[in-house]
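Q: Below are the sequence and a predicted model for it; my questions follow.
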Amino acid sequence: MSQSGRSTAPIAIAVVLAIIAGVVGYFAGSSSATATTVTRTVTVATGAGVQTVTVATTVPTTVPRTVTVAQPATTTPQYELHVAWITAPSEYDTHTYFFYRFKEKVEARTGGRVRIVLHPGGELGDQAQYLELMATGQLFMATIEVSRFAAYTDKLNFLSFPGLFRSTEEAQAFAESDWLLNYSNEVLQPFGWVVLGITVGGARYFLSIPEKPITSLDSFKGLKLRVMASPVFVEAAKVLGANPQTLPYAECYTLLQTKAIDAMENEVAAIIAMRFYEVAPNIAIIPWAYAWHFVVASKQLLDKLPADIRQIIIEAARETSKEKNAWGLFVEQVIGIQYLIQRGARIIYVDTKPIFDLLEREFINKNLDKIPPGALEWLRNYRASVG
């Protein structure tokens with residue numbers, strides 16, 4: 001399952017600009033949207049060494065941070081459906097974006113027959129509680145991180161394997177595939193849940209202290225790398241040649257600041273939220289693993305709805321899952337990268353092919369029995385189609 005990596009500076013920059021252009025076009029949409037040109041200094045690791053390149057990118061200064069909910073045709077809903085998510089409401093939070101968009105679509109398309117009641121910020125408990133509430137018909141829908149299903153089944157654990165997906169585009173295409181949606185429902189419906197959509201929470205990149213930039217596979221040798229306390233992450237880090245450390249997340253800022261560790265891996269949003277860039281300003285764009293969020297509904301409640309409303313909900317959830325993926329990519333690749341660069345971070349684009357080839361050979365191939373054959377076939381077909 002090999003795929004060529006980004007091995008030159010022009011290719012790396014082109015990929016970034018293509019992502020920005022596509023997502024900005026998707027969300028900016030209106031010709032009336034204001035825009036600005038942002039000049040960015042990007043550090044690119046290539047076969048010839050590390051180069052610094054200035055890139056000018058046009059991005060909108062106004063982006064969709066809130067959603068105006070359409071007024072329904074009737075003010076007396078026949079069905080009141082409660083939905084929940086764990087993160088606090090935020091103008092850039094992808095879960096907030098999803099549920100406001102979902103509410104807008106369902107209420108408008110049902111002519112007000114359905115009212116969606118929002119419960120953000122853990123109002124109804126944590127994700128483990130959401131699963132219980134949905135199984136018993138006390139909550140209609142929630143977004144659930146894939147690791148939460150491990151208490152019930154190990155058949156979705158493969159999604160978190162480092163090195164399985166080689167780019168955010170590839171991971172998102174898999175998330176939106178019919179194969180994964182059907183497979184997930186076969187696994188989870190017996191527990192009382194229906195999967196209506198799957199989204200990619202973000203790529204986990206490597207960030208490191210000033211003295212230890214990660215510019216190639218060789219940079220991992222002996223690197224004191226903090227990883228999640230997961231056997232697969234520890235195993236994969238060892239494959240890269242690193243010295244994995246499963247230290248408490250809350251202590252990572254101090255550990256990096258005192259040089260007790262050299263590096264860690266995390267999503268752009270978390271790097272910003274925890275201000276890790278202050279003590280680990282080297283951000284190596286190596287998407288070695290992903291967070292996965294499932295849009296899950298109560299099978300009991302969904303089955304009780306009239307067929308026309310049920311279909312509207314299914315369609316709205318899948319549409320909005322794709323929008324959430326695009327919005328998340330925009331936040332990560334445009335807003336997030338700009339934010340980090342403005343605060344002195346060094347964005348390093350690495351030739352990822354040797355890294356992913358090694359992970360495939362020494363980690364993925366040794367865990368093939370834990371990956372559904374259909375997923376492997378999908379990846380082979382996808383990579384053949386994109387070249």
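A: Okay, I see it. Numbering: from 1, shown residues only.
Q: And the top helix by length along the chain, what's buried?
A: Identified as the longest helix of the chain according to DSSP state H is helix 307-330. Along helix 307-330, these residues count as buried under the neighbour rule (16 or more other CB atoms under 10 Å): 309, 312-313, 316-317, 320-321, 323-330. All C-beta atoms are positioned from the backbone trio N, CA, C, and that covers glycine.
Q: now stretch 88-100
A: 92-100.
Q: Run through the protein and note the low-pLDDT ranges.
A: By pLDDT under 70, the low-scoring segments of the chain are 1-75, 92.
Q: Tell me where it has strands.
A: 35-46, 49-60, 79-84, 114-119, 141-145, 193-208, 224-226, 243-245, 263-266, 282-298, 346-349 (DSSP state E).
Q: Mind checking those strands for the one nearest to Arg361?
A: Checking the strands of the chain against Arg361 by CB to CB gives strand 282-298 as the closest, at 14.6 Å.
Q: Tell me which strands that closest one pairs with, and in which orientation.
A: strand 141-145 (antiparallel), strand 193-208 (antiparallel), strand 346-349 (parallel) (DSSP bridges).
Q: In JSON lines: those, plus distance to Phe363 and mean neighbour count.
A: Output for the strands paired with strand 282-298, formatted as JSON lines (distance: least, CB to CB, whole Å; neighbours: other CB atoms under 10 Å):
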{"stretch": "strand 141-145", "distance to Phe363": "22", "mean neighbour count": "23"}
{"stretch": "strand 193-208", "distance to Phe363": "15", "mean neighbour count": "25"}
{"stretch": "strand 346-349", "distance to Phe363": "23", "mean neighbour count": "23"}
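Q: Please name whichever of those strands is nearest to Leu368.
A: Nearest to Leu368, of all the strands paired with strand 282-298, is strand 193-208, at 22.0 Å by CB to CB.
Q: Leu196 is in contact with Met141, correct?
A: Yes - shown here, Met141 and Leu196 form a contact pair, counting by CB atoms under 8 Å, at 7.5 Å.
Q: so what's Leu305 closest to, chain neighbours aside?
A: Tyr79 (6.6 Å; CB to CB, 6 or more residues apart in numbering).
Q: how near is that neighbour to Leu118?
A: Taking CB to CB, to the nearest Å as the measure, Tyr79 falls 15 Å from Leu118.
Q: now do Phe149
A: When Phe149 is compared with Leu118 (using CB to CB), they lie 23 Å apart.
Q: Likewise for Ile314?
A: According to CB to CB, Ile314 and Leu118 sit 19 Å apart.
Q: Could you do Val296 as well?
A: Distance from Val296 to Leu118, counting by CB to CB: 16 Å.
Q: Kindly report the same for Glu176.
A: As judged by CB to CB, Glu176 and Leu118 stand 24 Å apart.
Q: Could you do Ala326 as well?
A: Taken as CB to CB, the span from Ala326 to Leu118 is 21 Å.
Q: Bridge partners for Met141, pull those for me.
A: Val83, Ala297.
Q: What are the structural domain limits within the protein?
A: 79-153+169-202+291-342, 204-289+344-386 (automatic domain parsing).
Q: Adding distance to Phe161, write the ones you listed out as TSV.
A: TSV is the format used below for the domains of the chain (distance: least, CB to CB, whole Å):
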stretch	distance to Phe161
domain 79-153+169-202+291-342	11
domain 204-289+344-386	6
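Q: Tell me which of those approaches Gly163 most closely.
A: Across the domains of the chain, Gly163 has its closest neighbour in domain 204-289+344-386 (2.9 Å, CB to CB).
Q: chain center to that closest one, what's the gap?
A: 15 Å (CA atoms, centre = their mean, to the nearest Å).
Q: Find the nearest non-adjacent residue to Met134, please.
A: Nearest in space to Met134, with sequence neighbours left out and distances taken as CB to CB, 6+ apart, is Ser298 at 4.0 Å.
Q: wait, Phe158
A: Per CB to CB, 6+ apart, closest to Phe158 is Ile371, 4.5 Å.
Q: and the gap between that neighbour and Thr199?
A: Distance, Ile371 to Thr199, using CB to CB: 20 Å.
Q: and what of Glu360?
A: 25 Å.
Q: and Trp378, how many residues sit next to it?
A: Trp378 has 18 neighbours, counted by other CB atoms under 10 Å.
Q: thought it was touching Ser177?
A: Yes - with contacts counted by CB under 8 Å, Trp378 reaches Ser177, the gap being 6.3 Å.
Q: if we can go back for a sec, who's more crowded, Val296 and Leu118?
A: Val296 (30 against 16).
Q: List the contacts of Met264.
A: By CB atoms under 8 Å, 6 or more residues apart in numbering, Met264 lies in contact with 206-207, 225-227, 252, 256, 276, 280.
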